[in-house]
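Chemist: predicted model follows, preceded by the sequence.
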Amino acid sequence: MTANEPVVVVGGGVAGLSAAWQLKRDGMPVRLFEMADQVGGKIRSGEFAGRIVDEAADAFLARVPHGIELARELGLADRLISPAARKAQVWTNARLAPLPEPHVLGIPLERGPAEALLGVEAADALERDLARTEPDPVRPGDTIGSLVRRRLGDHIHEALVDPLIGAINAGDTDTLALSASSPQILAAAHAGPSLIDSLRRMKAGGDPDAPVFHSFVGGMRVLVDALAETLAEEITIGVGVEALRTLPDGAVQLTLCNGEIIVAPAVILACPAPAAAALTSEWPDASADLAAIPLVSVTLVTLAYPAGTVQVPSGLSGFVVPRNTQLQITACSYAAQKWPHLGGDVDLLRVSVGHGKDQDTPALGDDELLAVVRADLEQAIGLSAGPTEVRISRWQNAFPQYVVGHNERLGHIEGQLNPNGVFIAGMGYRGIGIPACIDQGRSAGVDAILHVLEHRPD
C-alpha cells in the first residue's frame, strides 16, 4: 500500500460522518461511500405542517459530551437549543401521572413521590435498598430488568424503568444486558450496596438546571448537513460497497456496486450490522456474530392539529407507556411544547409504536395504525379531534438490541476484524444515541489511523 491511499468509510450515518470528520481533521485521506441518495442515516428532518420536524431522534443527550464537542468544532455551538418543557408523565392505573421527582432513568430517589404514584409496597422497596449494607454484586448475566427487580422490586421496574429505558432503546429491559445497555445504572450498582444511595450521589454532583438535551432549530439534520458540507469532497452518495477482502500486503480491497474496485489501508464499517455481516464473509465467525445482533422495528407517527386543540398542562414534554397496559403506543411527545419554534398556529404530536415485545403494531397498515394511535391518544389525553396532517415514518429493523453477551460478541468481532484493518462503528455496537455514535465513529477513525501508521511501509 502507498502512503496516500485513503481510508474508506462505508456508511454515511452520523457514525460514518464522524469517522470521516476525525480522519480528515487528523490529516488522513478518506473516502466515504453511502448507498442512499443522501447522508444522515437515521437522522432525518423533513418539512411537516410548514416547519422542519425530525422523523427520528429530535435531540441528543447533553450530559454525554461527544455531541456538544462536535457541534462546537463545526461552529454550531451558538445554534444549540434545549427543550422548553422538561417534565414528563407516565401512564399508570389508567391515567397519566408525573414521573416521580427526583428520578434517574425512572428509578425514584425519594419515598414520598414513589409512594404517591405506586403505593406503599414500592416505597418500602426503596427504603429496603437504602438500608442495604451488604453488597449485591452485579452478575454476569444481569439485564436491566433482573438488576432493578432484584434491588427494587417488580412494580418500580415495570411501571417506571421499563417504559422509560424501553422507550429509548425500543427494547425489553428484561432482555437488555445491563453492562451494554445502561452504563449509568451499572455504575451505580457497582458504587455501593444501595442502588438508590449511589444514584442520589450521582445526581447530586450535577447541575439541576443544566440542559438535559440539545437540538437545533431546523432539526438534527443541521448537524448532519454541517458534516456533509465539510466533507463534500470525500463523500460519494448513491454508491455502496458490495464486497471486501484482504490483500497479501495487508491492504483491503473493496468492490463497489458500480463495479469499481479500490484499495484502502483500512476500512470503517459504519453501516448497520446486517450490512457489515454481509461484507465480512472472509471472517465467518465475525460475520455470524454481526448477523446475530437482534433488531426491532419502530414507527413514528407525527400529527398536526390547529393550535389549542391539544389540551395538556404547560411544561410537559410528553409521556411514556408501560408495556403491560391497554395502550399500544409506547410514548408521545408534545413537540410544540417541547420545542416552541415548532408551535405557533399548530399543535404537534410525535407518537412512537413498537418495541421488543410488540412488532405487530408498527407493521400495521397506515389506516389501521392511525386508528390505534388516535384511540390511545383519546384515552390518554382526551384528544378526539382528527389531525389536519399526518406523517408516518417507518424504521424497519432499525433498533439493535444489546442482549446478554453483547459486549463479549463485540470483543469477538473486533478481535477478528481490527488486526486486518477493518473497524466497526454505529448504533449496533456501543450505544444507540447520537453522542455514542459520534464517539464510536471518531474512535474508529483514530484506530484506523493508528493501524495505517503501524503498517505503513517505511
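Modeler: Cool, got the structure.
Chemist: wasn't Thr325 part of a strand?
Modeler: No. Counting by DSSP: H, G, I helix; E, B strand; the rest coil, Thr325 is not found in a strand; it is coil.
Chemist: doesn't Leu410 fall inside a helix?
Modeler: Yes. Assessed with three-state DSSP, Leu410 lies in a helix.
Chemist: now do it against Glu55, distance only.
Modeler: 28 Å (C-beta to C-beta, to the nearest Å). Where C-beta positions appear, they are placed from N, C-alpha and C, glycine not excepted.
Chemist: shouldn't Val222 be within a helix?
Modeler: Yes. Using three-state DSSP, the secondary structure at Val222 is a helix.
Chemist: for the residue lying closest to it once chain neighbours are set aside, which residues are in contact?
Modeler: In space, and not counting its chain neighbours, Val222 is closest to Phe216: 3.9 Å by C-beta to C-beta, 6 or more residues apart in numbering. Phe216 makes contacts with Leu76, Arg79, Leu80, Ile81, Val222, Leu223, as judged by C-beta atoms under 8 Å, 6 or more residues apart in numbering.
Chemist: how about the fourth one, what does it touch?
Modeler: Contact analysis of Ile81 by C-beta under 8 Å, 6+ apart lists His214, Ser215, Phe216, Val217, Trp339, His341.
Chemist: can we see that at 6 Å?
Modeler: Counting by C-beta atoms under 6 Å, 6 or more residues apart in numbering, Ile81 touches Ser215.
Chemist: what score does it have for pLDDT?
Modeler: Per-residue pLDDT puts Ile81 at 98.
Chemist: the strand or helix carrying Cys332: what's the following helix or strand?
Modeler: According to DSSP states H and E, Cys332 maps onto strand 329-334. Per DSSP H and E, the first helix or strand lying C-terminal to strand 329-334 is helix 335-338.
Chemist: and the gap between Ala444 and Phe216?
Modeler: Taken as C-beta to C-beta, the span from Ala444 to Phe216 is 25 Å.
Chemist: nope, Thr92 is what I was after
Modeler: Taking C-beta to C-beta, one finds Thr92 at 34 Å from Phe216.
Chemist: looking at Leu410 and Glu55, which is more packed in?
Modeler: Between Leu410 and Glu55, counted using other C-beta atoms under 10 Å, Glu55 has the larger neighbour count: 22 against 19.
Chemist: mind checking pLDDT for that one?
Modeler: Reported pLDDT for Glu55: 98.
Chemist: shouldn't it be in contact with Lys42?
Modeler: No. In this structure, Glu55 is not within contact of Lys42 by C-beta atoms under 6 Å, at 8.8 Å.
Chemist: hang on, Gly318 in a strand?
Modeler: Yes. With three-state DSSP as the criterion, Gly318 is part of a strand.
Chemist: ok, back up a step: which other helices and strands does the strand holding Cys332 contact?
Modeler: Contacts defined by 3 or more C-beta pairs under 6 Å, 6 or more residues apart in numbering; DSSP states H and E place strand 329-334 against strand 316-320, strand 346-353.
Chemist: angle of it against strand 316-320?
Modeler: 180 degrees (axes from the mean of the first three to the mean of the last three C-alpha atoms, to 10 degrees).
Chemist: could I have strand 329-334 exported to CSV, CA atoms only?
Modeler: What follows is strand 329-334, C-alpha atoms only, in CSV (Å, rounded to 0.1, in the frame of the first residue of the first chain):
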residue,chain,number,x,y,z
ILE,A,329,-48.4,3.3,21.8
THR,A,330,-45.1,3.5,23.7
ALA,A,331,-44.5,7.2,24.0
CYS,A,332,-45.9,10.6,23.0
SER,A,333,-44.0,13.9,22.7
TYR,A,334,-45.8,17.2,22.8
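Chemist: relative to Ala232, how far out is Glu454?
Modeler: Taking C-beta to C-beta, one finds Glu454 at 30 Å from Ala232.
Chemist: tell me where the stretch 151-300 of the chain has strands.
Modeler: Applying DSSP state E, counting those that start in this stretch to the stretch 151-300 of the chain gives strands spanning 213-216, 235-237, 241-246, 252-256, 261-264, 267-269, 295-306.
Chemist: how about Thr255, what does it touch?
Modeler: Contact analysis of Thr255 by C-beta under 6 Å, 6+ apart lists Glu242, Ala243, Ile261.
Chemist: what is the burial count for the residue lying closest to it once chain neighbours are set aside?
Modeler: Nearest residue to Thr255, sequence neighbours excluded (C-beta to C-beta, 6+ apart): Ala243, at 4.3 Å. When neighbours are defined as other C-beta under 10 Å, Ala243 has 14 of them.
Chemist: same check on Gly119?
Modeler: 13.
Chemist: please apply the same query to Phe60.
Modeler: Neighbours around Phe60, by other C-beta under 10 Å: 25.
Chemist: give me the angle between the strand holding Cys332 and strand 346-353.
Modeler: Going by the same axes, to 10 degrees, strand 329-334 makes 160 degrees with strand 346-353.
Chemist: out of the strands of the stretch 151-300 of the chain, which comes closest to Arg128?
Modeler: strand 213-216 (33.1 Å; C-beta to C-beta).
Chemist: could you check how far Val267 is from Leu23?
Modeler: The value you get for Val267 to Leu23, if C-beta to C-beta is used, is 12 Å.
Chemist: who has more neighbours out of the two?
Modeler: Between Val267 and Leu23, counted using other C-beta under 10 Å, Leu23 has the larger neighbour count: 30 against 27.
Chemist: report the longest helix in this structure, please.
Modeler: helix 434-455 (DSSP state H).
Chemist: now for it, which elements pack on it?
Modeler: Partner elements for helix 434-455 (3+ C-beta pairs under 6 Å, 6+ apart): helix 14-25, strand 60-61, helix 65-73, strand 422-424.
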